[in-house]
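> just a sequence and a predicted model for now, questions to come.
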Amino acid sequence: MKWSPGQFRIVMVATYTLACIAARTRPWKYFQLNAPWFNLEKGIFSKLDLNVLFPAQWRLELDLLDAEFRPARYPVWLKPEWGENANGVFCVGNETEYQQIKDRIVESGRSYVVQQAATGKREFELFTIQDCPDSESYAVFSITEVTNGTHRYPVNGIYNPETSYHDISDRLQPDQKTQILEWIVKIGRFPISRLCVRADSIEDVVSGNFQIIEINLYTPMPIHLLDSRYSNRDCWSMIRHHMLALARATRNRDRSRQEKPVYTRMLRHRINSMLAGAPR
């Protein structure tokens, strides 16, 4: 039986810890890799902050949700200002539905954003690890197509049984991969990231004709591991490779930067969100 997402995380954390020991670096320093993009005041990797990093041609309209905000058009997405695994995400198709969900969100006190829906028909996840900040190359780069035939705007996530993941990395030529990496560099040089985009085809992604849904800089899972074609043996081989690269990235991190309490602040935010309860 294929490992579950939770089992994958356990294996990855254990493998990463051993890789850090071998690389003579401290595994808890992982949380400093993307610390420059962490909002210390809010205690999260804010979607509002990260959206500003995206070049205008790829950026979707994103606003903070409050009691007075009204979208100019539908559909729109209502998302926690920070969240993972599609928890608390709603796709809203009309004014009546928007008002009902918005009122529940405002009452819960949780910070939410309103995002314009992308026009692309297909969804892709671009996962990267750069193990040396001075290098132009990436140690890990995968391209995964996300499919879900149940809805035009599905709430995709690793715990949605209708969502499927298909690693299409091998379908692209080296020059196509290089071009996509150049687009990612225009957003930022992240030691580890997973960028979600929508486009009508992977060729459109290569040509720069896409829209960015979001970027995960906290604990992005290499989503291609969930491709049903891969056995646990295949995944274990990839995990070893990926975690060795991540350990090198941790060892080679910029130590001149002031460190931030990323893990403790994110843990506090998660606990507070759980206590507040998700709007339903």
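It's in. Residues are numbered from 1 along each chain as shown.
> which residues in the chain form helices?
Under the criterion DSSP state H, helices of the chain are mapped to 5-23, 47-53, 95-108, 174-187, 202-207, 232-251, 262-276.
> in terms of pLDDT, where does the residue lying farthest from the centre of the chain sit?
What lies farthest from the middle of the chain is residue 96; by C-alpha atoms, centre = their mean that is 29.8 Å. For residue 96, the pLDDT comes out at 95.
> give me the neighbour count for residue 159.
Neighbour count of residue 159, defined by other C-beta atoms under 10 Å: 11. Any C-beta I mention is one placed from the backbone N, CA and C, and that applies to glycine too.
> excluding chain neighbours, what is closest to it?
Once flanking residues are discounted, residue 159 sits nearest to residue 85: 6.0 Å by C-beta to C-beta, 6 or more residues apart in numbering.
> and residue 131, how far is that from residue 146?
26 Å (C-beta to C-beta, to the nearest Å).
> and residue 124, by the same measure?
Counting by C-beta to C-beta, the gap from residue 124 to residue 146 is 7 Å.
> residue 192 against residue 243, yeah?
No - contact criterion C-beta atoms under 8 Å: residue 192 and residue 243 do not qualify, at 10.9 Å.
> what's the overlap in contacts for those two?
Common contacts of residue 192 and residue 243 (C-beta atoms under 8 Å, 6 or more residues apart in numbering): none found.
> tell me the bridge partners for the residue most central in space within the chain.
Nearest to the geometric centre of the chain sits residue 216, at 2.7 Å (C-alpha atoms, centre = their mean). Using DSSP bridges, the bridge partners assigned to residue 216 are residue 194.
> show the contacting residues for it.
Per C-beta under 8 Å, 6+ apart, neighbours of residue 216: 84, 193-196.
> return the closest of these with respect to residue 263.
For these, the residue nearest residue 263 by C-beta to C-beta is residue 84; the value is 14.2 Å.
> hey, C-alpha coordinates of the lowest-mean-pLDDT helix or strand in the chain in PDB?
Ranking every helix and strand in the chain by mean pLDDT, DSSP states H and E puts helix 262-276 at the bottom, with a mean of 89. The C-alpha trace of helix 262-276 is given here as PDB (Å, rounded to 0.1, in the frame of the first residue of the first chain):
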ATOM      1  CA  VAL A 262       9.700  31.100  12.500                       C
ATOM      2  CA  TYR A 263       8.800  27.700  14.000                       C
ATOM      3  CA  THR A 264       7.500  29.000  17.300                       C
ATOM      4  CA  ARG A 265       5.500  31.800  15.700                       C
ATOM      5  CA  MET A 266       4.000  29.500  13.100                       C
ATOM      6  CA  LEU A 267       3.100  27.000  15.900                       C
ATOM      7  CA  ARG A 268       1.500  29.800  17.900                       C
ATOM      8  CA  HIS A 269      -0.500  30.900  14.900                       C
ATOM      9  CA  ARG A 270      -1.700  27.300  14.200                       C
ATOM     10  CA  ILE A 271      -2.800  26.800  17.800                       C
ATOM     11  CA  ASN A 272      -4.700  30.100  17.800                       C
ATOM     12  CA  SER A 273      -6.300  29.200  14.500                       C
ATOM     13  CA  MET A 274      -7.400  25.900  15.900                       C
ATOM     14  CA  LEU A 275      -8.800  27.500  19.000                       C
ATOM     15  CA  ALA A 276     -10.700  30.100  16.900                       C
END
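> which residues touch it?
So helix 262-276 is contacted by 28, 31-32, 34-35, 38, 40, 42-44, 80, 82, 108-110, 218 (C-beta under 8 Å, 6+ apart).
> all good on my end, thank you.
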